[in-house]
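K.L.:
Build me a model:
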Amino acid sequence: MPIIRVEMFKGRNAAEKKALVEELTTGFVKTCGGSPQSVSIVITDVEKSDWSSGGELCSEKFQD
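P.N.:
I've put the predicted structure just below:
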């Protein structure tokens, strides 16, 4: 049973997450085989202040 883990900044709504998991599931099955029911996806929402890139907090690097 494959598990796809997605870590992303907070802020996506339920409709966006639904579209994401549908696309990820379809893409996995198309590429690797198996059934959609066998694919599990875990989404972790992360605050920008808890993520860094290039030695900078993303909350400073990517201000809304």
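K.L.:
Now do stretch 28-44: distance to the chain's middle.
P.N.:
13 Å (Cα atoms, centre = their mean, to the nearest Å).
K.L.:
distance between the ends of that stretch?
P.N.:
End-to-end span of stretch 28-44 (Cα to Cα, to the nearest Å): 19 Å.
K.L.:
Rounded mean pLDDT for it, please.
P.N.:
Stretch 28-44 shows an average pLDDT of 98 in the prediction.
K.L.:
And residue 63, what's its pLDDT?
P.N.:
Reported pLDDT for residue 63: 80.
K.L.:
For it, which three-state class applies?
P.N.:
The three-state label given to residue 63 by DSSP: H, G, I helix; E, B strand; the rest coil is coil.
K.L.:
and it, what are its phi and psi?
P.N.:
phi -80, psi 140 (degrees, to the nearest 10).
K.L.:
How much space separates it from residue 47?
P.N.:
Distance, residue 63 to residue 47, by Cβ to Cβ, to the nearest Å: 13 Å. For every residue, glycine as well, the C-beta is placed using N, CA and C.
K.L.:
Of the two, give the one with the bigger neighbour count.
P.N.:
residue 47 (12 against 7; other Cβ atoms under 10 Å).
K.L.:
Spit out the contact partners of the more buried one.
P.N.:
Applying Cβ atoms under 8 Å, 6 or more residues apart in numbering to residue 47 gives the contacts 9-10, 59.
K.L.:
what about the longest helix in this structure?
P.N.:
helix 14-32 (DSSP state H).
K.L.:
Which strands or helices does that one pack on?
P.N.:
Packing partners of helix 14-32 (3 or more Cβ pairs under 8 Å, 6 or more residues apart in numbering; DSSP states H and E): strand 3-9, strand 40-46.
K.L.:
List the buried residues for it?
P.N.:
20-21, 25, 28-29 (16 or more other Cβ atoms under 10 Å).
K.L.:
now that helix against strand 40-46, angle please.
P.N.:
140 degrees (axes from the mean of the first three to the mean of the last three Cα atoms, to 10 degrees).
K.L.:
contacts for helix 14-32?
P.N.:
So helix 14-32 is contacted by 2, 4, 6, 12, 34-36, 39, 41, 43 (Cβ under 8 Å, 6+ apart).
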